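Q: below are the sequence and a predicted model; questions follow.
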Amino acid sequence: MARIEKVEMRMVDLVPKVKRTDAIQSFVSQETPIVTITDSDGASGTGYSYTIGTGGSSVMRLLADHLAPRLIDRDADEVEAIWHALEFSTHATTVGAITAIALAAVDTALWDLRAKKCGLPLWKLAGGAKDRCPLYTTEGGWLHIETQALVDDALAAQVQGFRGSKVKIGKPHGAEDFGRLEAVRKAVGETYEIMTDCNQGFTLDEAIRRAERLRPLDIAWFEEPLPADDIDGHVRLSRSTSTPIAIGESLYSIRHFREYMQKGACSVVQVDVGRIGGITPWLKVAHAAEAFDIPVCPHFLMELHVSLVCAVQNGKYVEYIPQLDELTASGMKVEDGEAFAPDMPGIGIDWDWNAVRAKSLPAFTTEITA
């Protein structure tokens, strides 16, 4: 039985490669907490999560002051027990983003450690449903991008084999959103998927109105139309439209997903490892979604989510937004619009530790030992 002897913590602040805007905000910074856990056998596992520009310092203090010390001398194989112990220790601050982001980095490190010691890639250890999955792209669909550029990006992605493109919506008037999407639909034809993302920018009445206006374009889904905590609003919206409603990137508890699915408030689940608290709860949400015949199309973190989408039967798409290029020696394998599950033991991320150390912020670099 290998006990945890050391926990190393650091944070890297990554600048997005392109300008990212949506209906409510600009995404200008990606704080990336990274946790490495080493056991008494000398084996180690690394996990990470992210913010979109705020809260990173709070995540790191929560890790250093409250979560990491509780890991020392625990049996590293007891991933489920550790997750629940850490979650209970922070019950006064759950459910919420700061705690979930911190838990995610720890839990992912433990899964990486377990998979490496088993000699298995994560996608096989967690289920092994398939070895590849289709991609859709987001980076060319931000709200500030002009219509012709949206069209050009979608056509380029289609040539590369991507199955679809996501376009942000939330212009001042629905006619503007419709015009942009109509131009893309005319260019790519009927069989290429167009996903839309509202980023919680609408009231219920406006969401119903815009979903109806977009119906002739046969969009793949209407993502985050309302504030994430308005479950009843999502129920009313889902009943008013045949367009699939996608939710999940702003939910931090498996119970929130349960309520959405039980009430028929969504038809696409976008559970995010970095927001739900790690791989342990991610898998529970994905399996629950399968019981409701709901596909899982996770938000962001493609380098990690490719393994999880491949692990479960109802994993449908991975969202293509490169995140870790500056911190890894090799990227995710992509051919003809499909992402391949990594075959190396662990979560499959080939960290460039020289780059990670060079970009780590000294104020948040620390370690705790037995």
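A: Nice, I can see it.
Q: for the rest of this, base every contact and every neighbour count on C-alpha atoms.
A: Fine.
Q: and the strands in the stretch 1-150 of the chain, which stretches?
A: Assigned by DSSP state E, counting those that start in this stretch, the stretch 1-150 of the chain shows strands spanning 4-14, 30-39, 44-48, 132-137.
Q: can I get these in TSV including distance to residue 256 and mean neighbour count?
A: Shown next, in TSV, are these (distance: least, C-alpha to C-alpha, whole Å; neighbours: other C-alpha atoms under 10 Å):
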stretch	distance to residue 256	mean neighbour count
strand 4-14	29	22
strand 30-39	25	24
strand 44-48	23	24
strand 132-137	26	24
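Q: can I get those in TSV with distance to residue 300?
A: Below are the strands of the stretch 1-150 of the chain laid out as TSV (distance: least, C-alpha to C-alpha, whole Å):
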stretch	distance to residue 300
strand 4-14	14
strand 30-39	12
strand 44-48	13
strand 132-137	10
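Q: for residue 119, find the nearest of the ones you listed.
A: strand 44-48 (12.5 Å; C-alpha to C-alpha).
Q: rewinding a little: can I get the strands of the stretch 1-150 of the chain in CSV including mean pLDDT and distance to residue 356?
A: Below are those laid out as CSV (pLDDT from 0 to 100; distance: least, C-alpha to C-alpha, whole Å):
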stretch, mean pLDDT, distance to residue 356
strand 4-14, 97, 7
strand 30-39, 97, 9
strand 44-48, 98, 12
strand 132-137, 98, 26
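Q: quick one: closest of these to residue 362.
A: Between the strands of the stretch 1-150 of the chain, strand 4-14 lies closest to residue 362; by C-alpha to C-alpha that is 7.9 Å.
Q: distance of residue 289 relative to residue 192?
A: Between residue 289 and residue 192 the distance is 25 Å, computed by C-alpha to C-alpha, to the nearest Å.
Q: what does residue 70 give?
A: 49 Å.
Q: could you do residue 111 as well?
A: 35 Å.
Q: pick out whichever of those two has more residues nearby.
A: residue 111 (25 against 21; other C-alpha atoms under 10 Å).
Q: buried residues, stretch 321-337. List them.
A: By neighbour count on 16 or more other C-alpha atoms under 10 Å, the buried set for stretch 321-337 is 321, 322, 323, 324, 327, 328, 331, 332, 334, 337.
Q: my read: the third one touches residue 301, true?
A: Yes: if you go by C-alpha atoms under 8 Å, residue 323 and residue 301 touch, sitting 6.8 Å apart.
Q: mind listing the shared neighbours of the two?
A: Shared contacts of residue 323 and residue 301 (C-alpha atoms under 8 Å, 6 or more residues apart in numbering): none.
Q: where does the protein have low pLDDT?
A: Of all residues in the chain, none has pLDDT under 70.
Q: can I see the domain layout of it?
A: Listed by automatic domain parsing, the domain ranges of the chain are 4-119+352-369, 123-350.
Q: about what we covered before: residue 294: which of the strands of the stretch 1-150 of the chain is closest?
A: strand 132-137 (16.4 Å).
Q: distance between the lengthiest helix in the chain and the chain's centre?
A: Longest helix in the chain by number of residues (criterion: DSSP state H): helix 97-118. Here the centre of mass of C-alpha atoms in helix 97-118, compared against the chain's by C-alpha atoms, centre = their mean, to the nearest Å, lies 14 Å away.
Q: quick one: list the elements packing against that helix.
A: strand 30-39, strand 44-48, helix 56-62, helix 79-89, helix 122-125, helix 273-276, helix 279-291 (3 or more C-alpha pairs under 8 Å, 6 or more residues apart in numbering; DSSP states H and E).
Q: how does it look with 7 Å?
A: strand 30-39, strand 44-48, helix 56-62, helix 273-276 (3 or more C-alpha pairs under 7 Å, 6 or more residues apart in numbering; DSSP states H and E).
Q: tabulate those (a markdown table), appending distance to residue 351.
A: Shown next, in a markdown table, are the helices and strands packed on helix 97-118 (distance: least, C-alpha to C-alpha, whole Å):
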| stretch | distance to residue 351 |
| --- | --- |
| strand 30-39 | 11 |
| strand 44-48 | 9 |
| helix 56-62 | 20 |
| helix 273-276 | 18 |
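Q: what's the closest of those to residue 122?
A: Among the helices and strands packed on helix 97-118, the nearest to residue 122 by C-alpha to C-alpha is strand 44-48 (11.9 Å).
Q: distance from the closest one to the middle of the chain?
A: How far strand 44-48 lies from its chain's middle: 17 Å, per C-alpha atoms, centre = their mean.
Q: hmm, back to that, now do the longest helix of the chain against strand 4-14, angle only.
A: Counting by axes from the mean of the first three to the mean of the last three C-alpha atoms, to 10 degrees, helix 97-118 points 120 degrees away from the direction of strand 4-14.
Q: outside of helix 97-118 itself, list whatever touches it.
A: Helix 97-118 has contacts (C-alpha atoms under 7 Å, 6 or more residues apart in numbering) with 33-37, 43-50, 55, 58-59, 63, 76-77, 79, 83, 93, 121-122, 125, 252, 273-279, 345-347.
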